[in-house]
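[1] Can you look at this prediction? I've put the sequence above it.
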Amino acid sequence: MFSRLLPNQYVKSIYDIDLFSLKDRGIRAVITDLDNTLVEWHRAEATPEVKEWFAKLEETGLNVTIVSNNSEKRVKEFCDPEEKVFIHSAKKPRRKAFKRACKQMGVRTDEAVVIGDQIFTDVLGGNRAGLYTILVVPVTKTDDWMTKLNRRMERFVLRWMKKKGHINWED
Ligand SMILES: [Mg+2]
């Protein structure tokens, strides 16, 4: 029942992802969530750290698409200054946007990873689409109302993951 909700990796932030080992394993592209994965959901622009991370992706030879359930206005405002390709209103956990992102980047689904902060959108959707999934701890603890609802169910899954030994750090 839970297997579709389990990420392949769970890390504290995008900066803890070992890009070189992804590359070594044949990964060529990254599909990342925006809100609370790259920056706080209310922050309009990329931070210097995020800009640096984008540069690292490029250096490593990893293509990137930002896939967000948020509106065109929000996602475009963030992505345009960074010259990043995006899909807005993605309706995650539906598979369609993930598949489209892979197709646009010219990679197979087993050559891409999904990075996100939500189990019920990013991880579930990525797993359903056959992608390698990486869950990160949300950048900020505040959320919009819809996300708040998801978080309640998430806490349940996270407790279960912890019990099963899928989480390797202390809170
Ligand atoms: Mg998010």
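    Great, that's in hand.

[2] and Cys102, what element?
    Element membership for Cys102, per DSSP states H and E: helix 96-105.

[3] Run the chain-centre distance for that helix.
    Centre-to-centre, helix 96-105 and its host chain are 14 Å apart (CA atoms, centre = their mean, to the nearest Å).

[4] Quickly run through the sheet partners of the helix or strand that that helix is followed by, with directions.
    Next helix or strand after helix 96-105 toward the C-terminus (DSSP H and E): strand 112-116. Sheet pairing here is set by DSSP bridges, and for strand 112-116 it gives strand 29-32 (parallel), strand 132-136 (parallel).

[5] After the last one, which helix or strand is next? Please name it.
    Scanning the chain past strand 132-136 towards its C-terminal end, the next helix or strand to appear is helix 145-163 (assignment: DSSP H and E).

[6] Tell me the buried residues in that next one?
    Thr147, Arg151, Glu154, Val157, Leu158, Met161 (16 or more other CB atoms under 10 Å). Backbone N, C-alpha and C define where each C-beta goes, glycine included.

[7] What of stretch 45-59?
    So for stretch 45-59, counting by 16+ other CB under 10 Å, buried means Ala46, Val50, Trp53, Phe54, Leu57.

[8] same thing with stretch 7-14?
    Going by 16+ other CB under 10 Å, stretch 7-14 has these buried residues: Pro7, Gln9, Tyr10, Val11, Ile14.

[9] what does the chain have sitting close to the ion?
    Asp33, Asp35, Asn36, Thr37, Asp117 (CB under 5 Å from the ion).

[10] which one is Ala46 nearest to, not counting chain neighbours?
    Spatially, and ignoring its direct neighbours in sequence, Ala46 is nearest to Glu82 (5.4 Å; CB to CB, 6 or more residues apart in numbering).

[11] Also Ser68?
    In space, and not counting its chain neighbours, Ser68 is closest to Leu34: 4.2 Å by CB to CB, 6+ apart.

[12] if we can go back for a sec, and the buried residues of stretch 45-59 as JSON lines, adding pLDDT?
    Formatted as JSON lines, those follow (pLDDT from 0 to 100):
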{"residue": "Ala46", "pLDDT": "97"}
{"residue": "Val50", "pLDDT": "98"}
{"residue": "Trp53", "pLDDT": "98"}
{"residue": "Phe54", "pLDDT": "98"}
{"residue": "Leu57", "pLDDT": "98"}
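
[13] CA atoms of the least confident helix or strand in the chain by mean pLDDT as CSV?
    Lowest mean confidence among the helices and strands of the chain (mean pLDDT, DSSP states H and E): helix 145-163, at a mean of 78. The C-alpha trace of helix 145-163 is given here as CSV (Å, rounded to 0.1, in the frame of the first residue of the first chain):
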residue,chain,number,x,y,z
TRP,A,145,-4.2,25.4,2.9
MET,A,146,-4.2,22.6,0.4
THR,A,147,-0.6,21.7,1.2
LYS,A,148,-1.5,21.7,4.9
LEU,A,149,-4.0,19.0,4.3
ASN,A,150,-1.5,16.9,2.5
ARG,A,151,1.0,17.4,5.3
ARG,A,152,-1.3,15.8,7.8
MET,A,153,-1.3,12.6,5.8
GLU,A,154,2.4,12.9,5.2
ARG,A,155,3.2,13.0,8.9
PHE,A,156,1.6,9.6,9.1
VAL,A,157,3.7,8.2,6.2
LEU,A,158,6.9,9.8,7.6
ARG,A,159,6.3,8.2,11.0
TRP,A,160,6.0,4.8,9.3
MET,A,161,9.2,5.4,7.2
LYS,A,162,11.0,6.3,10.4
LYS,A,163,9.8,3.1,12.1
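
[14] Thank you, goodbye.
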